[in-house]
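Asks: quick check, what structure comes out for this input:
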Amino acid sequence: MALKTRRPTGVVPWPMILIEGPEKSGKTWMAMALSASDKVGRTVLVEMGQEGVADQYGTIPGADYEIAEHNGTFDGLVQVIKDATEDAKAAVAAGEKPMVLVIDTATEEWDLLKEIAENRAKRSDFNQKKLRNDPNAEITVDMTSWNHATDLHYEHFIEPLKAFPGIVILTARGKEVAAMDGNGRPIANTKTYKVEGQKSLAYDVSAWVQLSRTAPPTVVGMRSVVHGIRPGKDDPVRDADLSLEKLIFQLMGCDPETATPANIPSKSALQAAKNELWAAAQQMKYDMPKLAAVFAEENDGATLETATVEQLNSCRDFIRECLEQSAESGKPALAPVRDAA
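Replies: Coordinates of the predicted model:
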């Protein structure tokens, strides 16, 4: 197969910006203040967690945003991102100003996935035995469960947000914690700063802004040819007058006339498993609602959004088995039905 290449466009893509800091440092305020800018269009705030402050920021001078309604689950968040993406695409097609999607907070997103990992780990034989002996026993979350949570994080959160045809703002909590050595033991009298969320969150965003209750906003890092911050060479940028409008359209050089979503391939193992399952389903002449129903029936009501690789591959193999039986018998393939055994 011939190597496929393309020339760089030089276009600055739509940014995904992380605003993090300790509690009450102004993260949500900075995010919602962007909605007052005449450079952006519709702004949607997705509030996660129990803070319940989404309404009061409507009193920020000029603020103009909507609050997304959802059920507080990871599946609910996934659906909001899908719906917002469709609306953002429609705005681009209509020549409107860029849509802004604010997720407040990405810390809560990862907390939801940690809960999914813990619940998955509870079902293991090892932990089931522990719980039978002691219902309050500490659960050991295995690496497979953590990998599953990470796959969900990338496939349903990071990758869709990178492909969002507009501006994405993520907030997260940040704080100093005890530094750990290579064996996970605290290092005496040593602190390190930690963004609370999936460990690669700061790496995955276009720009990282750190807020403080006592110091000016700091641009820790950003991907920008216009005003790049080179690790080890340039100091973080501290700017008492920093706003997201200034960061996006001046410092990062984002031009609404030319900006496009980041052009990245999907890297999730879950996505590959879903693609194979969908290919088998199409051979069975299923549409997506039918596949979702079959998958839920085969997996005790589980949804495709939170499916494991193992569940997806099992459903794929079963559909393929039905197709093979149909080919051998010469009869049309029927809907999969498990044997009574």
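
Asks: next, name the residue at the spatial heart of this structure.
Replies: The residue lying closest to the centre of the chain (C-alpha atoms, centre = their mean) is Phe157, at 1.9 Å.

Asks: excluding residues flanking it in the chain, which one is nearest that one?
Replies: Glu109 (6.0 Å; C-beta to C-beta, 6 or more residues apart in numbering). C-beta: built from backbone N, CA, C; applies to glycine.

Asks: do the same with Gly166
Replies: Excluding its sequence neighbours, the residue lying closest to Gly166 (C-beta to C-beta, 6+ apart) is Met99, at 3.9 Å.

Asks: my guess is that neighbour meets Ala84, correct?
Replies: Yes: under the contact definition of C-beta atoms under 8 Å, Met99 touches Ala84, with a separation of 7.3 Å.

Asks: which neighbours do those two share?
Replies: Val44 (C-beta atoms under 8 Å, 6 or more residues apart in numbering).

Asks: quick one on the thing from earlier: backbone dihedrals for the residue nearest to Gly166, please?
Replies: Torsion angles at Met99 (phi, psi; degrees, to the nearest 10) stand at phi -80, psi 150.

Asks: the one 5 residues further on too?
Replies: The phi/psi pair for Asp104 (degrees, to the nearest 10) reads phi -130, psi 90.

Asks: might you report the residue contacts of it?
Replies: Lys27, Thr28, Ala31, Leu45, Val46, Glu47, Met48, Gly49, Glu51, Ala54, Thr171 are the contacts of Asp104 under C-beta under 8 Å, 6+ apart.

Asks: ok, those vs Leu131, which is closest?
Replies: Ranked by distance to Leu131 (C-beta to C-beta), those are led by Gly49 at 27.9 Å.

Asks: Glu108 is in contact with that closest one, correct?
Replies: Yes: counting by C-beta under 8 Å, Gly49 touches Glu108, with 4.0 Å between them.

Asks: tell me which of these two has more neighbours.
Replies: Set Gly49 next to Glu108 and count neighbours by other C-beta atoms under 10 Å: Glu108 wins out with 23 against 15.

Asks: helix or strand right after the helix or strand encompassing that one?
Replies: Counting by DSSP states H and E, the element that carries Glu108 is helix 106-122. Per DSSP H and E, the first helix or strand lying C-terminal to helix 106-122 is helix 125-133.

Asks: which strands and helices sit next to that next one?
Replies: helix 106-122 (3 or more C-beta pairs under 8 Å, 6 or more residues apart in numbering; DSSP states H and E).

Asks: tilt between the helix it packs on and helix 125-133?
Replies: If you take axes from the mean of the first three to the mean of the last three C-alpha atoms, to 10 degrees, helix 106-122 sits at 80 degrees to helix 125-133.

Asks: buried residues in helix 106-122, which are they?
Replies: Ala106, Thr107, Glu108, Glu109, Trp110, Leu112, Leu113, Ile116, Ala117, Glu118, Arg120, Ala121 (16 or more other C-beta atoms under 10 Å).

Asks: isn't the second one right next to Gln198, touching?
Replies: Which is Thr107. No: the criterion here is C-beta under 8 Å, and Thr107 misses it with Gln198 at 9.4 Å.

Asks: elements contacting the longest strand along the chain?
Replies: In the chain, with assignment by DSSP state E, the single longest strand is strand 167-180. When contacts are defined as 3+ C-beta pairs under 8 Å, 6+ apart, strand 167-180 packs onto strand 16-21, helix 27-33, strand 100-104, helix 106-122, strand 186-196.

Asks: give me the sheet partners of it and which way each runs.
Replies: Strand pairing for strand 167-180, using DSSP bridges, gives strand 16-21 (parallel), strand 100-104 (parallel), strand 186-196 (antiparallel).

Asks: centre of the chain to that strand, how far?
Replies: In terms of C-alpha atoms, centre = their mean, to the nearest Å, the centre of strand 167-180 is found 15 Å from the chain centre.

Asks: what residues of that strand count as buried?
Replies: Ile167, Val168, Ile169, Leu170, Thr171, Ala172, Arg173, Gly174.

Asks: ok, now which ones touch Glu324?
Replies: Applying C-beta under 8 Å, 6+ apart, no residues contact Glu324.

Asks: just say helix, strand or coil for it.
Replies: Following DSSP: H, G, I helix; E, B strand; the rest coil, the label given to Glu324 is helix.

Asks: span of stretch 3-23 from start to end?
Replies: Taking C-alpha to C-alpha, to the nearest Å, the first and last residues of stretch 3-23 lie 50 Å apart.

Asks: buried ones in that stretch?
Replies: Val12, Pro13, Trp14, Pro15, Met16, Ile17, Leu18, Ile19, Glu20, Gly21.

Asks: quick one: average pLDDT of that stretch?
Replies: Averaging pLDDT along stretch 3-23 gives 90.

Asks: cool, stretch 211-221 as well?
Replies: 91.

Asks: could you pull out the helices for the chain?
Replies: For the chain, applying DSSP state H gives helices covering 27-33, 74-93, 106-122, 125-133, 143-153, 159-162, 201-204, 244-246, 269-283, 288-298, 309-329.

Asks: go through those helices and name the closest to Val237.
Replies: Of all those, it is helix 244-246 that lies closest to Val237, at 10.9 Å by C-beta to C-beta.

Asks: all set, thanks.
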